[in-house]
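Q: fold the following for me, if possible:
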Amino acid sequence: MEERSAIDGTTEVSAAQGDMERLAWYRDWLLLPTIGVVLLADQLTKFAVKGTLRLGESWPAEGLVRITHGANTGTAFGLLPNQTLFLIIASIAAIGFLVYFYRAYAMPRRILRLAIGLQLGGAFGNLFDRVAFGAVTDFIDVGWWPIFNIADSSICVGMATLVIVMLLFDRKPEDDAIPDDAERG
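A: Next comes the predicted model:
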């Protein structure tokens, strides 16, 4: 998609690639549906759990994998309990960073747009719970692992995907180059 100028050797970005880079976030056919699906799945499952189980109740009563209605006033793993205002502000800041990252780095890459959509959908889901209810509803209970929800899972999968892509697949050839003695200083 790039064209080299015969005169000075510079590279020009084609019109199609330039349009993709300028595509507004609200027109992104991958980002918005991902955010919407995660947010909807998260809120519907939390609504179903709150309507079916009392706080602290599990179904089935015993077993390795259960649905347990929990309320978390802190972050993942129960850190920072009862810090709702701080966590609301931190969530808004994280959402702002993800939007910046999307605009700056992820625009032309589908996998990064998907990863950011997963994270944003999860962040919006948990932010909604904090603002509306003062705590996040958790319900997925697997063995010894702390209870979590769809939003938490989405955030973790999105973060893992982002890190893997950025570390393993987004390397430039010059990143692997060994500097010569002059560059070592």
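Q: what about this structure, any weak spots by pLDDT?
A: When residues are selected by pLDDT under 70, those of the chain lie in 1-25, 106-107, 170-185.
Q: try it again with 50
A: Within the chain, the set of residues satisfying pLDDT under 50 comprises 1-20, 173, 175-177.
Q: and the longest helix for this structure?
A: Using DSSP state H to define each element, the chain has its longest helix at helix 110-133.
Q: what's the residue positioned nearest the centre of the chain in contact with, if anything?
A: What sits nearest the mean C-alpha location of the chain, by CA atoms, centre = their mean, is residue 119, with 1.4 Å. By CB atoms under 8 Å, 6 or more residues apart in numbering, the residues touching residue 119 are 98, 154-155, 158-159, 162. Using the backbone N, CA and C atoms, a C-beta is placed for each residue, glycine as well.
Q: switch the cut-off to 6 Å
A: Counting by CB atoms under 6 Å, 6 or more residues apart in numbering, residue 119 makes contact with 98, 155, 158.
Q: go on, residue 60?
A: residue 66.
Q: quick one, phi/psi of it?
A: phi -70, psi 170 (degrees, to the nearest 10).
Q: relative to residue 40, how far out is it?
A: Residue 60 sits at a distance of 26 Å from residue 40 (criterion: CB to CB, to the nearest Å).
Q: for residue 167, same thing?
A: For residue 167 relative to residue 40 (CB to CB), the value is 31 Å.
Q: the more surrounded of the two?
A: The neighbour comparison of residue 167 against residue 40 (other CB atoms under 10 Å) goes to residue 40, with 13 against 9.
Q: show residues contacting the strand or helix carrying the more buried one.
A: Assigned by DSSP states H and E, residue 40 belongs to helix 31-52. Outside helix 31-52, the residues that touch it by CB under 6 Å, 6+ apart are 69, 113-114, 117, 120-122, 124-125, 137, 139, 150-151, 154.
Q: apply 8 Å and report the result again.
A: By CB under 8 Å, 6+ apart, helix 31-52 touches 25-26, 59, 67, 69, 102, 113-114, 116-118, 120-122, 124-126, 128-129, 137, 139, 149-151, 154.
Q: continuing past it, what's the next helix or strand?
A: strand 58-59.
Q: what helices or strands is that next one leaning on?
A: strand 65-72 (3 or more CB pairs under 8 Å, 6 or more residues apart in numbering; DSSP states H and E).
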